[in-house]
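Enquirer: Model the structure of this input:
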Amino acid sequence: MLIIADLHLGKIEHFRKHGSALPDLSNAIDYINLEQNIAEFQPETVVFLGDLFHSTLNKSWQIFKAWVKRQPVNFTLIVGNHDVIPVTKFRELGFSVVHNIKCDGFYLTHKPEDCGMDFNICGHIHPGFKLRGKGRQFLNLSCFYQKKDQLILPAFGQFTGNYYIKPEEDEHIYVCSDQAVLQVV
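Expert: Numbers count the residues shown, from 1 in each chain. Reported below is the predicted structural model:
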């Protein structure tokens, strides 16, 4: 199983429709990254932890439909707060559409939830972390944010933004670079 959080496809088109001049490159990079992960890990199923699409149907939907048809995997969508495209559209593409998945001690959701005895894996927050150097240099990076019974995944989409985390004691931050995922806290 490959788990992806917060792709936000169609967001660029949504903003363009409202007058923002944005290049269309981010979605292409997202598809390339998705295909590389599917090829490398060869999952049976790709689970999207919500916010697969950012808005209502737009031209991104046709691109997405064509992409899905070429993929050798099954897809599941855990519905997120931005997933407003009718569920029937996803089901027509062969998607399983659910509100959560409980499996072998894990509880997959869109938003962070207290899951009792299960370990929650979720998205929604778009966690980021600011690395600061001694010479006032800094890097703002997406990150995995681990709490005692929860792992919040970084947003997979290129055009999403971050909510910068200040971890508490016994919480861990794993920043994402182009080459690796590194624990910094």
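Enquirer: If you count residues, where's the longest strand of this protein?
Expert: strand 138-147 (DSSP state E).
Enquirer: quick one: the next helix or strand after that strand to chain centroid distance?
Expert: Scanning forward in sequence from strand 138-147 by DSSP states H and E, the next helix or strand is strand 150-152. Centre-to-centre, strand 150-152 and its host chain are 13 Å apart (CA atoms, centre = their mean, to the nearest Å).
Enquirer: And strand 150-152, what's buried?
Expert: Residues of strand 150-152 classed as buried by neighbour count (16 or more other CB atoms under 10 Å): 150-152. In short, each C-beta sits where N, CA and C put it, glycine included.
Enquirer: what's the answer for stretch 121-139, then?
Expert: Quick answer for stretch 121-139 (16+ other CB under 10 Å): 121-129.
Enquirer: Between the two ends of that stretch, how far is it?
Expert: Start-to-end span of stretch 121-139 (CA to CA, to the nearest Å) is 26 Å.
Enquirer: Not counting that stretch itself, show me its contacts.
Expert: Applying CB atoms under 8 Å, 6 or more residues apart in numbering, the contact partners of stretch 121-139 are 3, 5-6, 49-51, 80-81, 106-113, 140-145, 150-155, 160-165, 173, 175, 184-185.
Enquirer: any idea which residue of the protein is furthest from its center?
Expert: Going by CA atoms, centre = their mean, the residue of the chain most distant from its centre is G135, 32.7 Å out.
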